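>>> 3D, please:
(2 chains)
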Amino acid sequence: MGKRLNLFIRVFLAALLIAGFSLFFSLPGSSFWLVATVAIAVAVGLIAIVAASEKVTSIKTGLPLEDELSKKATWKAGYYAFLVGLWLAIVIMVANMFAIEFFRLPEIEFRYAFEALIVVPAITFIVLALWFKKNGKID
Amino acid sequence: MKTRIKELRAKFSLTQEELAKKVGVRRETIVFIEKGDYNCSILLAHALAKELKTTIDKLFIWEE
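Take a look at the predicted model:
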């Protein structure tokens, strides 16, 4: 089951990455914003449903929703999400510098960069937090 | 790190969920500790040892 979950998360991340880059580079601005807004709304809705079901289960069983392991998992996921955001910002900055100066490519617009810098670390955080909580190996 | 939690749970006829309730953690945390996947805090180790009527050094077996 662990290996299956691992594979599923890898496939999911790869699909997300491909879809993200495809949207980022191919769609015109207005469509990208529409798709991104709908995707964010769906993601928020799914997270709310999962959180509510966990809360109901917690109340039913009398077990806590959070403990030391889940808190550590959340902190570790947050740390990695921060690093991903930081590296993404550096990559965008360097790509913009080289794209304009050396390859005469168009600059990555601020709105795309801004959205990517919010969405990518947010998705990284959610996926990693779930992964660490399911896996338990956070040391 | 290996533990004797499973063995002592069986001795006191406790399920993972019951032990989790007694020490105030999620059931999954007990599963991970039992499997040796998660090294818990000294506070949780103390609570587990107390519930299973043993000591920390007897509950957890350190392996180099």
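>>> Tell me where the model's unsure across the chain.
You didn't pick a chain, so chain A it is. Applying pLDDT under 70 to chain A flags residues A:1-11, A:13-15, A:17-34, A:36-37.
>>> Wait, chain B was what I had in mind.
For chain B, residues meeting the criterion pLDDT under 70 lie at B:64.
>>> can you map out the strands along it?
B:2-3, B:60-61 (DSSP state E).
>>> is any part of the first one close to chain A?
No: judged by C-beta under 8 Å from any C-beta of the partner chain, strand B:2-3 and chain A are separated, with a smallest distance of 13.3 Å. The way it works is simple: take the backbone N, C-alpha and C, and place the C-beta from them, glycine included.
>>> next one: the last one
No: Strand B:60-61 is not in contact with chain A by C-beta under 8 Å from any C-beta; minimum separation 14.0 Å.
>>> thinking again about what came up before, can you list the strands of chain B in JSON lines and add mean neighbour count?
As requested, the strands of chain B are exported to JSON lines (neighbours: other C-beta atoms under 10 Å in any protein chain shown):
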{"stretch": "strand B:2-3", "mean neighbour count": "15"}
{"stretch": "strand B:60-61", "mean neighbour count": "15"}
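>>> Including distance to residue A:130, could those go into CSV?
Listed next are the strands of chain B as CSV, based on distance: least, C-beta to C-beta, whole Å:
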stretch, distance to residue A:130
strand B:2-3, 25
strand B:60-61, 28
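>>> Can you get me a residue count around residue A:54?
13 (other C-beta atoms under 10 Å in any protein chain shown).
>>> which residues sit in contact with the residue nearest to residue B:2 when sequence neighbours are not counted?
Leaving aside its sequence neighbours, residue B:2 sits nearest to residue B:61 (C-beta to C-beta, 6 or more residues apart in numbering or on different chains; 4.2 Å). Residue B:61 makes contact with B:1-4, according to C-beta atoms under 8 Å, 6 or more residues apart in numbering or on different chains.
>>> Can you say which of the strands of chain B is nearest to residue A:70?
Residue A:70 lies closest to strand B:2-3 among the strands of chain B, at 19.6 Å (C-beta to C-beta).
>>> Pairing partners for that closest one, with directions?
Using DSSP bridges, the strands paired with strand B:2-3 in its sheet are strand B:60-61 (antiparallel).
>>> what sits against residue A:72?
Contacts of residue A:72 (C-beta under 8 Å, 6+ apart): A:132, A:138.
>>> Provide the secondary structure category for it.
Using DSSP: H, G, I helix; E, B strand; the rest coil, the structure places residue A:72 in helix.
>>> Distance of residue A:75 relative to residue B:34?
23 Å (C-beta to C-beta, to the nearest Å).
>>> which of those two has more neighbours?
In this view residue A:75 and residue B:34 are compared by other C-beta under 10 Å, and residue B:34 has more residues nearby, 18 against 12.
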